[in-house]
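Trainee: Task: produce atomic coordinates for the following.
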Amino acid sequence: MKATAKLGLLCTLGMLLCGSGYEVASQPTGNQQDPIICLKVHSNDALKSVKQDLIESLHPEMSGKQLITMNSLLFHGDEIKREGTKFLIPFTLNDRGSQIHFQAIVKCSDLNNIEYDKL
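Mentor: Numbering: from 1, shown residues only. This is a model prediction of the structure:
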């Protein structure tokens, strides 16, 4: 086999490998079941998880070193919405006389995976 034929074959093989690597790398890595799971999860389930997390866990970004109590929370149940594969749950924290507005972001596929954003 001539050197040019070997080089052409090697280049073709390299391009095929690069193309297949790109195809694999461009596949979404998220859970493909999330949209299906979201159809089965109710907003009340997500709200219950948020309440439990706020009461049972320390959240220094919200209340310093103090535990949050149910009396200091006001949830806006009529404003809960589902966006894609997440629930957005707005609430107000009464902290030392001031009201601070937050939003909990809960994944449908894992109701214990909760993020909080200050609004």
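
Trainee: what about the strands in the protein?
Mentor: 73-75, 81-83, 86-95, 98-107, 110-118 (DSSP state E).

Trainee: So which of the ones you listed is nearest Gln52?
Mentor: Among the strands of the chain, the nearest to Gln52 by Cβ to Cβ is strand 110-118 (9.0 Å). Yep, even glycine has a C-beta here, placed from its N, CA and C like the rest.

Trainee: Of all residues in the protein, which one is nearest the centre?
Mentor: Centroid-nearest residue in the chain, with Cα atoms, centre = their mean: Lys107, separated by 4.9 Å.

Trainee: And the lowest mean pLDDT element among the helices and strands of this structure?
Mentor: Least confident helix or strand of the chain, by mean pLDDT, DSSP states H and E, is helix 3-25 with a mean of 67.

Trainee: Could you measure from the nearest residue to Ile100 once chain neighbours are set aside over to Glu79?
Mentor: What sits nearest to Ile100 in space, not counting adjacent residues and going by Cβ to Cβ, 6 or more residues apart in numbering, is Leu93, at 4.8 Å. Per Cβ to Cβ, to the nearest Å, Leu93 is found 15 Å from Glu79.

Trainee: swap in Phe91?
Mentor: As judged by Cβ to Cβ, Phe91 and Glu79 stand 9 Å apart.

Trainee: So for the two, which sits in the more crowded spot?
Mentor: Phe91 (22 against 11; other Cβ atoms under 10 Å).

Trainee: residue contacts, the nearest residue to the more buried one once chain neighbours are set aside?
Mentor: Using Cβ to Cβ, 6+ apart and skipping the chain neighbours, the partner closest in space to Phe91 is Phe75 (4.6 Å). Phe75 is in contact with Leu47, Val50, Lys51, Ile89, Pro90, Phe91, counting by Cβ atoms under 8 Å, 6 or more residues apart in numbering.

Trainee: Serialize the residues you listed to a markdown table and add fields for distance to Asn71 and pLDDT.
Mentor: Below are these laid out as a markdown table (distance: Cβ to Cβ, whole Å; pLDDT from 0 to 100):
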| residue | distance to Asn71 | pLDDT |
| --- | --- | --- |
| Leu47 | 17 | 96 |
| Val50 | 16 | 96 |
| Lys51 | 12 | 95 |
| Ile89 | 18 | 97 |
| Pro90 | 18 | 97 |
| Phe91 | 13 | 96 |
